[in-house]
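Engineer: Sequence plus predicted model, see below.
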Amino acid sequence: MDNNNNSWMHSPPNGAPNNDWAARPGNDQQPNNNHVPNYGNPQMNNQNYGAPQQQQQQQQAAPSRSVSNISSTSHSSAIPPTPPIPSQKAPTTPRSSNANNAGIIVANRAGDEETEDGRIRNREAATKIRDAWIYKQIRARQDEFTQYKQGRIFVGTWNVNAKGKDENLSSWLCADWHQHGPPDIVVVGFQEMVDLNAVNVAVENKSQQRSQFWVDRIRNTLNSRENTMGDPMRAYTQLAVKYLVGLLVCIFVKAPHKPRVKYVATDSVGVGVMGVMGNKGGVSIRLQFYDSTLCFVCTHLAAHRENVAGRNADFANVFSKTSFEIGEEAVKEVIRLGSLSQWATGTNSVGISDHDISFWFGDLNYRVDESIPTERVLELSKMNQLKELIEHDQLNVERAQGRVFQDFEEGQLAFKPTYKYQPGTDLYEERPDKKLRAPAWCDRILWLAQEPGHVAQLNYGRSEVNISDHKPVMSTFLVTIKDVVLSRREQVYKEVMRLLDTFENNSLPMVSLDRIKLDFGEVRYDQRVTLPIIITNTGKVVAQFRLVPKLDEVALCKPWVTVSPTYGMLIPGEQTEVEVTITINNATAHALNTSREVLEDVLILRLENGRDYYISVSGKYARSCFGMSVDDLVLYTDPIRSVPLDPILRAEKYDLNTKAAMCVPKELWRIIDAIYEKGLEERDLFSTPGNPDEVYQIRECLDTGAPFDNFSVHSMTEVLISFLSNLSSPVVPSSLFPTLDIDAQNIQSYARKFLEDMPPIQYNVFIYMISFFREVLLHRQKNRLSPAKIARICCTCLVSSAQGNGDEGASSLPQRRGNMQQILLHFLETNSI
C-alpha cells in the first residue's frame, strides 16, 4: 500500500470532493446519522440526544482531507460508487451502570505527597492528566499528520444450527464482489457450529474441529481460482480465529495488507448457563489496520421471544467484560495516533469502545414484539410486507429506548426475517409436528465509530443458503482508514509541547470556583437536575484537577450524584464547566423513604500540587408515592408529600403502631376511580401511550392530593402501570411463582394456595386490581382488550422480575413467569376468586 504505487489508490470518482468522499461515496449522500424512529416511547420526543447535529457540525468543521483507496484499481476502478444505505443510530446514553466512576484517573493513593503547607500532590495522577491533555490536543490536530484511505470490510454472520458439509459459500461471502469489488478485510462469525448440548458446553470437545472446518471452507472460497485468477495479490491470508463452544469469529485480510496489521488480540466472554458458560456469549478480535484500530465482536445472545431483558443483559455483560490485553507500548502507540477515546485510564488493556470502529454481529436473538401474533408475523414475512414488523422489532424498540447498543448504528432492514426456516428449504417453519415460531431478524450487523463519517454501509442483506434454520446475513462497508505520517505527527507534538512548556515553568497552580455550595432545592422522583460549576485557572501555570474519594471510601460520590468530567487540565485563563447531576431513581427513593439516605454529600476537588476544594451538595426530596411499598402507603390518609421523611417527625405526627388506615393505597384508588370516570370503553386502552406532560401532572396530583384535571384516560393508564411497576417491593414476589408446570387439573389448587400465601395488604391490592381488570374486560368489544393481554399487563406491573432462590424449582425464570401468567389469566376468566 505504498502511496507512490498508483495501483493501490485512486481519486474519488464522479468529481466528488476528497474530504467528503470518505464519508459518502456519492455527491449528494448524507452521512449515516438517521435515528431510529420513535416506537411508542412517550418521552422520546422531549429528549435531546444531540448526536446527529453534533456529527454534522464536526464534519463541517473538519479540515479538508485527502482520501485514497487501499484497494487495487485493477479490481475496482470500473465499479461505480455506491451510495451508503441509511443507518439507524440509537440514542446516546451512558454505557456503564457505574457512571459515578466513569473516566476516573487510575492513580495509587499511596503516591499522595503532602507538603509542609498542607498541599497534596500525586505525581502519577499529574503525569497522566498531563498526558491526557497532550493527547487531546494531538487528536484535535490529527488531520494535520494523517492521510485518509478507503477500504472495504465484509462482515458476515450465520447460525448454522450444527450443520454444514460441502455447500457453496460464494453466494454469501462473494455476493457483491461484482458490484463493489473484493473487500480488503473479510470477517465471518458463526453461531451453533456445534450442538449446544451439556457435553459440548462443558468440554468443548468438538469446537476446535468444527472451527477448523469452517475456517478452511472460508479460506477455500475466498482463494478459489475463480476469485484470485492465480494472482497471489488477490489472495487472502488468515489473521486470527477465536471460538467458544458454538461461537466462532475469524478474520482474513488481503495479502498486500498483511504487513500493515499488528497488535492482534482476541477475547471471549461466556454469559450462558450460570452467567459464565459458553452456550451464549461473545468472541472478539481486535487489530490495528494501518493506523486505525478495529474491533469485531460475534455474539449469540439469550433466546426466547419474551426474554428481551435477558438479551439486553447479555449485551451489557459482553460489552463490559470484553477486554484486550495489548500491552503498554501498543496502548501508547494507539494514543499517539489519536485513536483512543480514553487517554489516561492507566491500564494496558482496551475495551470495545476504545477502537476507531467496532462491528457487532451474530445471532442477537431479538424477535418481533409479542403484540403481533405469530400467525400475523408469518403472513407478513411471507408476503415481504416488512414495515409493521420492523416497527415492532425488539432490537429497534430497545435501541430507540436507549436500553441497548447505545451509540451503535445499523442499516435499514430491507430483507425478509432470517429465522426460522425449515432446514434445507426456503420455507418458514410451519410443519405441524414443530413448534410454531414467529419469523424474526435474529441475525444482525451493527457498528460503532468514533467518527461516524468514517463508515458507510454499501449493502446489508442475506444469502439464500438453506441448510440451517437461519439464513446467513452479510454487509459490506466502505471505511476510512488512517495512515499517519510520522514526521508530521512529531512536528505537531513538538508544537503542542512548546505551548505547554511556556506555562509549566512558573509557580504553583491556582483556580477559582464560582460556587462551592450546590443547593438543588426540591427534587422530585424520576427527575434529573444538573447544576454547573465553573472552574477558572486564575494562576500563571497549568492547573490539573480531579475529583477524589473521601477518606476510607472508594466512590467519588453517592450513587444518586454523577459528575462530569471528573478531571481536567486548564492553561492560565482557561475555564471549564463541571456538571453535577442529581437523579432520584427507585433505589434512591426507597432509601430516602426509609430514612437510610439524605440528599447531602460532599465532593472533594483536588488541585494537583495545590489545595483541596470541598463542594457541598444538598437537596430536598419531594416525597412521592412512586418508589414506596404498598405496606407503607396504606398507613397514611394524608397526601404522601406532606408525610415527613424524618422518622422522629413522622412518629410525632402519626401513630404507626395501629393497623393500616386503608385496605389499599389511596393513590391506587384515585387512579382506578379516575379511569372508571374517564370510561373503560376507550379504544386501545393500556396500549396507547399517554401525554408526558399529563403523566407528570397526574403524579404530582397523587403526591399532593390535588384534584385531577381533565386528563386523558391513556395518561391515567400509563401512570397506573408505572405506579405498580415502580413499587419498592412488588405486589406478587417471586417466592409465590409456581415451581411446577400449570395445567387444567392443578390450576384451581395453585390459585387457591397462591391467594392463601399472599400477605394481607398485597392480597387486598391483588384482588382490587383483578376486580378492576374484570370490569375492563366487560367492555372488550370497544377497548379491544383480551384476557391474555390483560394477563401480560398484570405480569408486567404486579409480578417481580427478580429470579428468587435457585432452589425453588428446576424450571427457568421465563417458564415460571409463564406459569404465573396462566394463574393471572385464570383469575381474570373465572367467575369468582
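Structural biologist: Received, thanks. Residues are numbered from 1 along each chain as shown.
Engineer: where are the low-confidence patches of the stretch 51-200 of the chain?
Structural biologist: Within the stretch 51-200 of the chain, the stretches with pLDDT under 70 are 51-66, 71-109, 111, 115-117, 198-200.
Engineer: Go again with 90.
Structural biologist: The stretch 51-200 of the chain contains residues with pLDDT under 90 at 51-143, 164-167, 194-200.
Engineer: can you pull out the helices in it?
Structural biologist: Per DSSP state H, counting those that start in this stretch, the stretch 51-200 of the chain carries helices over the ranges 51-61, 73-76, 123-140, 170-173, 177-180, 198-203.
Engineer: what about the residue nearest the centre of the chain, which SS state?
Structural biologist: Nearest to the mean C-alpha position of the chain, counting by C-alpha atoms, centre = their mean, stands Val404 at 2.8 Å. Here Val404 is recorded as coil under DSSP: H, G, I helix; E, B strand; the rest coil.
Engineer: show me the contacts for it.
Structural biologist: Neighbouring residues of Val404 by C-beta atoms under 8 Å, 6 or more residues apart in numbering: 90, 311-312, 315-316, 395, 398. Every residue, glycine included, has its C-beta placed from N, CA and C.
Engineer: cutoff 7 Å now
Structural biologist: Contacts for Val404 (C-beta atoms under 7 Å, 6 or more residues apart in numbering) come out as 312, 315, 398.
Engineer: For these, which entry has the maximal number of neighbours?
Structural biologist: Phe315 (26 neighbours; other C-beta atoms under 10 Å).
Engineer: State which strand of this structure is the longest.
Structural biologist: Longest strand in the chain, counting residues (DSSP state E): strand 146-159.
Engineer: could you say what helices and strands that strand packs with?
Structural biologist: strand 67-69, strand 185-191, strand 357-363, strand 443-449, strand 473-484 (3 or more C-beta pairs under 7 Å, 6 or more residues apart in numbering; DSSP states H and E).
Engineer: for the ones you listed, which one sits closest to Tyr493?
Structural biologist: The closest of these to Tyr493 is strand 473-484. By C-beta to C-beta, the value is 11.5 Å.
Engineer: what lines up beside that closest one in the sheet?
Structural biologist: Here strand 473-484 is paired, per DSSP bridges, with strand 146-159 (antiparallel), strand 455-462 (antiparallel).
Engineer: follow-up on the earlier one: closest to Gly246 out of the contacts of Val404?
Structural biologist: Once C-beta to C-beta is applied, the member of these that ends up nearest Gly246 is Phe315, at 18.0 Å.
Engineer: Quick check: the closest one is in a strand.
Structural biologist: No. Using three-state DSSP, the assignment for Phe315 is helix, not a strand.
Engineer: right, and it touches Leu301 too?
Structural biologist: Yes. Contact criterion C-beta atoms under 7 Å: Phe315 and Leu301 qualify, at 6.5 Å.
Engineer: any idea how far Lys517 is from Trp360?
Structural biologist: Using C-beta to C-beta, to the nearest Å, Trp360 is found at 44 Å from Lys517.
Engineer: Please apply the same query to Phe754.
Structural biologist: 53 Å.
Engineer: How about Ala661?
Structural biologist: Counting by C-beta to C-beta, the gap from Ala661 to Lys517 is 40 Å.
Engineer: Give me the more crowded residue out of those two.
Structural biologist: Ala661 (15 against 9).
Engineer: got a list of what the more buried one touches?
Structural biologist: Going by C-beta under 7 Å, 6+ apart, the list of residues near Ala661 reads 634-637.
Engineer: Now, of the residues you listed, which are buried?
Structural biologist: 634-636 (16 or more other C-beta atoms under 10 Å).
Engineer: now the strands: where do they sit in the stretch 451-600 of the chain?
Structural biologist: All strands of the stretch 451-600 of the chain, identified by DSSP state E, counting those that start in this stretch, fall at 455-462, 473-484, 511-513, 517-524, 528-537, 543-548, 561-564, 567-570, 575-583, 600-607.
Engineer: Quick one, which of these gets closest to Arg234.
Structural biologist: The nearest among the strands of the stretch 451-600 of the chain, by C-beta to C-beta, is strand 473-484 at 16.8 Å.
Engineer: Looking at the contacts of Ala661, spot the one nearest Val529.
Structural biologist: For these, the nearest to Val529 is Tyr636 (26.3 Å; C-beta to C-beta).
Engineer: which other residues reach stretch 498-512?
Structural biologist: 134, 535-543, 545, 571-572, 607, 609-610.
Engineer: Narrow those residues to just the buried residues.
Structural biologist: 134, 535-537, 539, 541-543, 545, 572, 607, 609-610.
Engineer: Most widely separated two among the residues you listed?
Structural biologist: The widest separation within the buried ones among the contacts of stretch 498-512 (C-beta to C-beta) is 21.6 Å, between Ile134 and Thr536.
Engineer: give me phi/psi at Thr374?
Structural biologist: phi -60, psi -40 (degrees, to the nearest 10).
Engineer: I meant to write Pro509 there.
Structural biologist: Dihedral angles for Pro509 - degrees, to the nearest 10 - are phi -80, psi 150.
Engineer: So what's the residue count around it?
Structural biologist: Pro509 - counted by other C-beta under 10 Å - has 24 other residues nearby.
Engineer: likewise Val261?
Structural biologist: Quick note: Val261 (other C-beta under 10 Å) scores 18 neighbours.
Engineer: Likewise for Glu370?
Structural biologist: Neighbours around Glu370, by other C-beta under 10 Å: 17.
Engineer: May I have stretch 150-163 as CSV, with CA atoms only?
Structural biologist: In CSV, the C-alpha atoms belonging to stretch 150-163 read as follows (Å, rounded to 0.1, in the frame of the first residue of the first chain):
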residue,chain,number,x,y,z
GLN,A,150,-10.6,4.0,1.8
GLY,A,151,-11.0,0.3,2.3
ARG,A,152,-13.8,-2.2,2.2
ILE,A,153,-14.7,-4.6,5.0
PHE,A,154,-17.0,-7.6,4.6
VAL,A,155,-18.9,-8.8,7.7
GLY,A,156,-20.9,-12.0,7.6
THR,A,157,-22.8,-13.9,10.3
TRP,A,158,-24.6,-17.2,10.3
ASN,A,159,-26.2,-19.5,12.8
VAL,A,160,-25.5,-22.9,11.1
ASN,A,161,-27.6,-25.0,13.6
ALA,A,162,-24.7,-27.5,13.9
LYS,A,163,-25.0,-28.3,10.1
